[in-house]
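Q: okay, here's the prediction I keep looking at, along with the sequence it came from:
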Amino acid sequence: MSTPSTASAASAVSSAAEASAARAAERFDPVALAVITSRIQGIVRRMTNTLFRTARSSVLNTARDFSCCVVTREHEMLATAESLPIHVMAGPDLVSASLARLHPELHAGDAFLHNSPYHGNSHAGDHCILVPVVVDGEHHFTAIVKAHMADIGNSMPTTLWASARDVYNEGALIFPGVKVQRDYEDIPDIIEMCRTRLRVPDVWYADYIGMVGAARIGERELRALGEELGWEALHSYTRAWFDYSEQMMAGAIRRMPAGRSVAHNKHDPMPVPGAEDGVPVKVTVTVDPQEARVQVDLRENPDCMPCGINLTEATSRTAAMIGVFNSLPITVPQNAGSFRRLDVLIRENCVAGIPVHPASCSTATTGIADRVANATQRAIAELADGFGMAETGTLTASVADISGKDPRHGDSPFVNLMILGLTCGAGHARGDGWLVSGEVGDGGLMMRDSTEVDELLYPIVVWADQIVADSGGPGRFRGAPACYVEYGPADTSIEAMWSTDGYVHAAIGARGGYPGAPARQFLRRTDGTVEPLPGWGEQVLAPGETVLATSAAGAGYGPPWERALQRVARDVADGWVSAEQAAEVYGVIVRDGELDPAATEARRAELAAQALAPPASLEVEARSQEIADRLAPYVLPPGSAR
């Protein structure tokens, strides 16, 4: 604990640093600062558009599960544009620094492949292409493209394998910053290594070419900008931009409530020692407005587990950062400058820390990462009303790796991560959970697969994709409702693998908000019987069989009886909330489609007086079953029992 004298000294040092940063930012013309920032963000968007338009796998060209960014020569995050937060808040800085240690001499025309979870990457499923911007022998920036690949050579046809015992069982090819291009030409032996190991080598190589092209676009545009402005002027800009961003971050923290808040949640059970009852997650958040600092402590979490849910250093730091930035104004830039005001405390050999080889980190961008980010933003919410967020829902079997042989194309093999129904958005201090938001780590920036495109590319049929009523966590601001998805093979067999988290421990509400509905997944047999599926694992689907998946809904923020009447009425009209839930939980009485003001006022007064604690769970299996029953006549093969 700091004494008054040391606290005063620390405050003086902090104030002096801020004053210095302010003077530095003021010395750089503010108009030029804004214009150059826009131009660099524009470069990252060009990189993004390049990969989005040229990638072959639908996980990239439809779901957009990739990110582009630029880091400085000092390995500091400069610009991310519309990248997925879980990919870029921490990680690009770490892989850039790791690359410098392994390759101290960088040359124009170099490109490097990186996916090592032990050298700063998010997880093995995310391949990174790093292209250093080198002019006259001097390294200035690095353009980075990170993409979730359809296949990475795992021992099973998946890139998200929660039950992998260790990295050997996982089986992925690991590249800790390997040079794949020299003088702008591929190095053939590295390319052949990948093509030989992967199940769909042509798909991987097409995505690889798109990634390299995107990174080269970044290199070309950054060179042009440096030559136009002068490299020293551009580096002066980065220092001024970081200083300005730090000022914005400090100002936002000073408007937050002071205090220390501890939040707990739990990853669902896993069939491995120590995780049979789930994996507890603890997050301690300390906000110090006077010093304009936020600390997130993850050290009091279990050691690495003998399965694939361990986080990497990148995703441990990033998950905590996401929870903090979700609780800040959107005007705060997300870069190395604002990151100066945030301390994330982690330890080695921790499930939410720094993994020790050979621990598997196969699902490091989801699962425990979602739990850490959710607990962080919920901890901030508990400091004071008007801050933080409730918890976002998590993955379900509607996000699955599918693989097999396509009879429409001569039994050619296929494998892909299919991203369908994810409606997980959390209620927050100023609004409802965003319906099309996926997990907390994608920040609503990842897209959903197109049903029609998936059916064209792969031998599957998507039978349903619709909202489940009464599933979003009730609150002053409601969580996004769950989505029911049903899919199965088209005249063949396919294998589906998923790693659900949220079927036992659903998203938790904040400040009196209700939890979201838990995830559910079932198998519909050809005889019409429906049986539950585990939250993790794989299933070979025979022709006529389908997976029924209900996503984990977002949780609510604030007491439901404080929700604006017009919001409840609209939800009832849209079929997202039933009249029964409106009356029982929200205290809003709707009769024959019309609001009853007197009955509503009385019911809301009753609920406010009772001030009951939110329920432990919000079950909507009956709602999902209604949808499944309606679909049965269409889904089941002719002659099946119904």
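A: Looks like it came in fine.
Q: tell me where the stretch 301-450 of the chain has strands.
A: Assigned by DSSP state E, counting those that start in this stretch, the strands in the stretch 301-450 of the chain fall at 342-345, 399-406, 412-419.
Q: could I get those as a markdown table with mean neighbour count and mean pLDDT?
A: Every residue, glycine included, has its C-beta placed from N, CA and C. Output for those, formatted as a markdown table (neighbours: other Cβ atoms under 10 Å; pLDDT from 0 to 100):
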| stretch | mean neighbour count | mean pLDDT |
| --- | --- | --- |
| strand 342-345 | 18 | 98 |
| strand 399-406 | 22 | 96 |
| strand 412-419 | 22 | 94 |
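Q: dump the ones you listed to TSV, plus distance to Ala258.
A: Formatted as TSV, those follow (distance: least, Cβ to Cβ, whole Å):
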stretch	distance to Ala258
strand 342-345	16
strand 399-406	39
strand 412-419	40
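Q: and Pro176, how far from Leu102?
A: As for Pro176, its distance to Leu102 is 7 Å (criterion: Cβ to Cβ, to the nearest Å).
Q: before we move on, what about Arg56?
A: 29 Å.
Q: among the two, which residue is more densely surrounded?
A: When neighbours are counted by other Cβ atoms under 10 Å, Arg56 and Leu102 differ, and Arg56 comes out ahead with 19 against 13.
Q: my guess is that one contacts Ala206. True?
A: Yes. With contact defined as Cβ atoms under 8 Å, Arg56 counts as touching Ala206 (3.6 Å).
Q: so where do the helices sit in the stretch 251-400 of the chain?
A: With DSSP state H, counting those that start in this stretch, the ranges of helices along the stretch 251-400 of the chain come out as 313-325, 336-339, 368-381.
Q: and those helices, which is most packed in?
A: With neighbours defined as mean count of other Cβ atoms under 10 Å, the helices of the stretch 251-400 of the chain peak in mean count at helix 368-381, which reaches a mean of 30.
Q: how far does that one sit from the chain's center?
A: Helix 368-381 has its C-alpha centroid displaced from the chain centroid by 12 Å (Cα atoms, centre = their mean, to the nearest Å).
Q: swap in stretch 500-508?
A: 16 Å.
Q: what's the answer for stretch 483-502, then?
A: The answer for stretch 483-502 is 21 Å, by Cα atoms, centre = their mean.
Q: may I have the distance across it, first residue to last?
A: 14 Å (Cα to Cα, to the nearest Å).
Q: what about it, average pLDDT?
A: When pLDDT is averaged over stretch 483-502, the result is 95.
Q: can you check stretch 290-306 too?
A: Average pLDDT, stretch 290-306: 98.
Q: so in terms of bridging, what pairs with Pro532?
A: Note on Pro532: beta-bridge partners by DSSP bridges are Phe522.
Q: now swap in Val461 and tell me
A: Gly488.
Q: identify the residues contacting it.
A: 455, 487-490 (Cβ atoms under 8 Å, 6 or more residues apart in numbering).
Q: domain assignment for the chain?
A: 14-243, 261-384, 389-559+611-642 (automatic domain parsing).
Q: now those domains in JSON lines, with distance to Gly587?
A: Supplementary listing: these in JSON lines, determined by distance: least, Cβ to Cβ, whole Å:
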{"stretch": "domain 14-243", "distance to Gly587": "36"}
{"stretch": "domain 261-384", "distance to Gly587": "22"}
{"stretch": "domain 389-559+611-642", "distance to Gly587": "10"}
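Q: make sure Phe112 is actually in contact with Val178.
A: Yes. Assessed by Cβ under 8 Å, Phe112 is found in contact with Val178 at 6.4 Å.
Q: who has more neighbours out of these two?
A: Shown here are Phe112 and Val178; by other Cβ under 10 Å, Phe112 has more neighbours (27 against 18).
Q: in which helix or strand does the more buried one reside?
A: Using DSSP states H and E, Phe112 sits in strand 111-114.
Q: can you spell out which helices and strands pack onto that strand?
A: helix 92-102, strand 126-135, strand 176-182, helix 201-229 (3 or more Cβ pairs under 8 Å, 6 or more residues apart in numbering; DSSP states H and E).
Q: wait, which of the strands of the stretch 301-450 of the chain is closest to Met193?
A: The closest approach between Met193 and any of the strands of the stretch 301-450 of the chain, judged by Cβ to Cβ, belongs to strand 412-419 at 18.3 Å.
Q: could you give the angle of the closest one to strand 399-406?
A: 160 degrees (axes from the mean of the first three to the mean of the last three Cα atoms, to 10 degrees).
Q: tell me what strand 412-419 is packed against?
A: helix 58-61, strand 399-406, helix 451-457.
Q: can I get these in a markdown table with distance to Ala609?
A: Below are the helices and strands packed on strand 412-419 laid out as a markdown table (distance: least, Cβ to Cβ, whole Å):
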| stretch | distance to Ala609 |
| --- | --- |
| helix 58-61 | 51 |
| strand 399-406 | 42 |
| helix 451-457 | 47 |
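Q: hmm, Thr284 is touching Val294, no?
A: No. If you go by Cβ under 8 Å, Thr284 and Val294 don't touch, sitting 11.4 Å apart.
Q: what about the two, which has more around it?
A: Val294 (27 against 18).
Q: show me the contacts for that one.
A: Val294 touches 253, 256, 285-288, 324, 341-343, counting by Cβ under 8 Å, 6+ apart.
Q: so how far is His428 from the closest residue to Arg64 other than its chain neighbours?
A: Nearest residue to Arg64, sequence neighbours excluded (Cβ to Cβ, 6 or more residues apart in numbering): Met447, at 4.6 Å. Look at Met447 and His428: by Cβ to Cβ, they are 22 Å apart.
Q: and the two? which has more neighbours close in?
A: It is His428, of Met447 and His428, that has more neighbours when counted by other Cβ under 10 Å, with 28 against 16.
Q: wait, doesn't the more buried one sit right on Met389?
A: Yes. The pair His428 / Met389 is scored as a contact, 4.1 Å apart, by Cβ under 8 Å.
Q: give me the common contacts of the two.
A: Common neighbours of His428 and Met389, counting by Cβ under 8 Å, 6+ apart, are 326, 557.
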